[in-house]
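> Okay, here's the prediction I keep looking at, along with the sequence it came from:
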Amino acid sequence: MAGSNGPSLAKGASIIVFSNDFDKVFAAFVLANGAAASGKPAVMFFTFWGLSVLRKQPGKRIHKSAVEKMFGAMLPKDMDHLGLSKMRMGGMGKRMMRKRMRAKQVAQLRAMYEDAKRQGVRFIACQMSMDVMGLTKEELLDGVEVGGVGTYMQAASSSDVNLFI
Amino acid sequence: MAGSNGPSLAKGASIIVFSNDFDKVFAAFVLANGAAASGKPAVMFFTFWGLSVLRKQPGKRIHKSAVEKMFGAMLPKDMDHLGLSKMRMGGMGKRMMRKRMRAKQVAQLRAMYEDAKRQGVRFIACQMSMDVMGLTKEELLDGVEVGGVGTYMQAASSSDVNLFI
Amino acid sequence: MAGSNGPSLAKGASIIVFSNDFDKVFAAFVLANGAAASGKPAVMFFTFWGLSVLRKQPGKRIHKSAVEKMFGAMLPKDMDHLGLSKMRMGGMGKRMMRKRMRAKQVAQLRAMYEDAKRQGVRFIACQMSMDVMGLTKEELLDGVEVGGVGTYMQAASSSDVNLFI
């Protein structure tokens, strides 16, 4: 897997995670980890609903407006609480999916995230989306960078695999 | 922002706008404008549901078949009438989102579009989708080009950031 | 269309088909065929819900667990049974769409697939998704390759148009 086969693998991969559907976020992590394993620097740029993936429960109380609280309450509270994009069936689809994943020894989402961190995948949270959703940096996982579309364009321009998920 | 830092920013960005969800279309414009601001020629290729974004109210009556009228009635009538992909809540989600955007001084969709035009972003409407949806060029915003998948491939091949939204 | 205009068209196109929505899968085939027609080697990588597209009715009975049978029953049984992502209206939206496509002489999905095959488009099924969904190679269309994220990264790195649909 240590990808020195050809110059193209030296260019990076950038993935915009727009969705917070469990299945799509899962695919995003598989791709980011796969890129890193092939020797490609990988960046995940979390925007809009995708920000949910990076949420952690903050240690101290953060002052929020009513609308910010509402957004906070309606979005999945972290990556362990995402739902499927299809076949939801009141959560049963996802339970079935996770059970199958365990049976087939496919890593769970949080393990994929830990793996991505270990492999040096960069996580960038979209500043504009954080403003709109009322999320602060201290509510996001440690090690997450905050950036804008300019940050993304820089990363995407030095990547040859750019995806919007 | 005037991106002369490295050769990669000279290559373009091409964005297929397949969706007509407010949030996804918004992201597409942020990305196209961000690309243009970094000095990358940007092209937005509108296909399928995404065509709704380019609709304008035509000056004169256009003769349509019953099915074409039906499509016309069921699609959002222009970019000011798109709905969210999630958290719809009978339109409340979107009102909340727009209110937050105003509060945080994030530009509205139509302003983003005007900005894109000013920055020279190209808008291409997919011919095949127009045929299927029964939309004519005179029903689309001024300055929109009409093209096919060949037009897209040309643009995408001279871009290093290609996204499907 | 025979694309010898510029070096960039020699690089390939890779398309991840994650969705099994009729409209999105249709767009994926239009793009893959368009790439191939412009002289770009094209690869379609089917993962998650997208695997439905590659299903065929297997000749002999395959032994499955209860959960595998359940997945099998809930997923569209082949590419002729996909639904629209929007405007479903109990299947009416899709019937309307297909009728329009016929009227406008737009090729149907299966014809697009046959065309892609003839043009040498590669079809790769994601191994991990097959495991999770309980699908075996003999349940997939003939000529489909099976591969992992490494296979995808190789293809994507030698492509300049990479899309996630």
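Thanks, I have it. Numbers count the residues shown, from 1 in each chain, chains lettered A, B, ... in the order given.
> Near chain C, which residues of chain A? Just list them.
For chain A, the contact set with chain C under C-beta under 8 Å from any C-beta of the partner chain comprises A:1, A:3, A:6, A:8-9, A:11, A:13, A:23-24, A:27, A:30-31, A:33-35, A:37-38, A:40, A:85-87, A:96-97, A:99-101, A:104, A:106, A:160-165. The C-beta positions use only the backbone N, C-alpha and C, and glycine is treated the same way.
> Tally up the residues packed near the residue of chain A found nearest chain C, please.
At 3.2 Å from chain C, A:G34 is the closest residue in chain A, using C-beta to the nearest C-beta. Per other C-beta atoms under 10 Å in any protein chain shown, the neighbour tally for A:G34 reads 21.
> any chance you could map the helices in chain A?
Here chain A has its helices, by DSSP state H, at A:22-37, A:66-74, A:92-103, A:109-118, A:127-133, A:149-157.
> name the helices or strands packed onto the first one?
The reference is to helix A:22-37. Secondary-structure packing of helix A:22-37 (3 or more C-beta pairs under 8 Å, 6 or more residues apart in numbering or on different chains; DSSP states H and E): strand A:12-17, strand A:42-46, helix A:92-103, helix A:109-118, strand A:159-164, helix C:149-157.
> cool, the fifth one as well?
Packed against helix A:127-133 by the contact rule (3+ C-beta pairs under 8 Å, 6+ apart) you find helix A:66-74, strand A:145-147, helix B:92-103.
> Output the ones you listed in TSV; the columns should cover mean neighbour count and mean pLDDT.
Supplementary listing: these in TSV, determined by neighbours: other C-beta atoms under 10 Å in any protein chain shown; pLDDT from 0 to 100:
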stretch	mean neighbour count	mean pLDDT
helix A:66-74	14	87
strand A:145-147	14	98
helix B:92-103	16	87
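> any chance of those in TSV, plus distance to C:Y152?
Formatted as TSV, the helices and strands packed on helix A:127-133 follow (distance: least, C-beta to C-beta, whole Å):
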stretch	distance to C:Y152
helix A:66-74	34
strand A:145-147	26
helix B:92-103	34
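> pretty sure A:A155 is touching A:M44, no?
No: between A:A155 and A:M44 there is no contact under C-beta atoms under 8 Å: 9.7 Å.
> ok, these two, which is more surrounded?
A direct count of neighbours by other C-beta under 10 Å for A:A155 and A:M44 places A:M44 higher, at 28 against 23.
> So what sits opposite that one in the bridge?
With DSSP bridges as the criterion, A:M44 is bridged to A:I15, A:F123.
> residues from chain A in reach of chain B?
So far as C-beta under 8 Å from any C-beta goes, chain A lies against chain B at A:16, A:18, A:20, A:47-49, A:67, A:70-71, A:74, A:128, A:131-134, A:148-150, A:152-154, A:156-160, A:162-164.
> Just the buried ones out of the residues you listed, please.
A:16, A:18, A:20, A:47-49, A:71, A:128, A:131-134, A:149, A:152-154, A:156-160, A:162-164 (16 or more other C-beta atoms under 10 Å in any protein chain shown).
> Below-threshold pLDDT in chain A: ranges please.
Along chain A, segments meeting pLDDT under 70 span A:1-9.
> Now it against chain B: closest residue?
A:V149 (3.2 Å).
> In contact with the nearest residue in space to that residue that is not next to it in sequence, which residues are there?
Computed as C-beta to C-beta, 6 or more residues apart in numbering or on different chains, the closest residue to A:V149 that is not its neighbour in sequence is B:G34, at 3.2 Å. Shown in contact with B:G34 (C-beta atoms under 8 Å, 6 or more residues apart in numbering or on different chains): A:148-150, A:152-153.
> how much space is there between B:G34 and A:L84?
31 Å (C-beta to C-beta, to the nearest Å).
> same thing with A:G150?
33 Å.
> Same check on A:V53?
A:V53 sits 15 Å away from A:L84, going by C-beta to C-beta.
> Same check on A:A103?
17 Å.
> What of A:A27?
In terms of C-beta to C-beta, A:A27 sits 12 Å off from A:L84.
> Out of those two, name the residue with the larger neighbour count.
Neighbour tally, A:A27 and A:L84, criterion other C-beta under 10 Å: the higher count belongs to A:A27, 25 against 22.
> one step back: find residues that contact each of A:A155 and A:M44.
A:14, A:122, A:124.
> wait, which of the residues you listed is closest to A:D115?
A:R122 (14.2 Å; C-beta to C-beta).
> got a list of what A:L141 touches?
A:54-56, A:123.
> One more pass at 6 Å, please.
With contacts defined as C-beta atoms under 6 Å, 6 or more residues apart in numbering or on different chains, A:L141 is in contact with A:54, A:56.
> Next, give phi and psi for it.
Main-chain dihedrals, A:L141, degrees, to the nearest 10: phi -60, psi 150.
> So what touches stretch A:128-139?
So stretch A:128-139 is contacted by A:47-48, A:51, A:58, A:62, A:64, A:68, A:71, A:146, B:100-101, B:104, B:106 (C-beta under 6 Å, 6+ apart).
> roughly how far apart are the closest residue in space to A:V25 that isn't next to it in sequence and A:F29?
Distances taken as C-beta to C-beta, 6+ apart place A:V53 nearest to A:V25, at 5.5 Å, with adjacent residues excluded. Distance, A:V53 to A:F29, by C-beta to C-beta: 9 Å.
> quick one: contacts for A:Q127?
A:146, A:148.
> hmm, try it at 8 Å
Going by C-beta under 8 Å, 6+ apart, A:Q127 touches A:146-148.
> Ok, A:Y152 next?
By C-beta under 8 Å, 6+ apart, the contact list for A:Y152 reads A:14, A:16, A:45, A:124, A:126, B:31, B:34.
> got the CA positions of stretch A:76-92 in PDB?
Extracted C-alpha coordinates of stretch A:76-92, given in PDB (Å, rounded to 0.1, in the frame of the first residue of the first chain):
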ATOM      1  CA  PRO A  76     -26.800  15.100  15.300                       C
ATOM      2  CA  LYS A  77     -24.800  15.600  18.500                       C
ATOM      3  CA  ASP A  78     -21.700  13.800  17.300                       C
ATOM      4  CA  MET A  79     -20.400  11.200  14.800                       C
ATOM      5  CA  ASP A  80     -21.900   8.400  16.800                       C
ATOM      6  CA  HIS A  81     -25.400   9.800  16.200                       C
ATOM      7  CA  LEU A  82     -25.600  10.100  12.400                       C
ATOM      8  CA  GLY A  83     -28.500   8.500  10.500                       C
ATOM      9  CA  LEU A  84     -28.600   6.700   7.200                       C
ATOM     10  CA  SER A  85     -29.500   8.600   4.000                       C
ATOM     11  CA  LYS A  86     -31.800   5.800   2.900                       C
ATOM     12  CA  MET A  87     -33.600   2.800   4.400                       C
ATOM     13  CA  ARG A  88     -33.900   4.700   7.600                       C
ATOM     14  CA  MET A  89     -36.800   2.700   9.000                       C
ATOM     15  CA  GLY A  90     -36.800   4.500  12.300                       C
ATOM     16  CA  GLY A  91     -33.100   3.800  13.000                       C
ATOM     17  CA  MET A  92     -33.400   0.100  12.200                       C
END
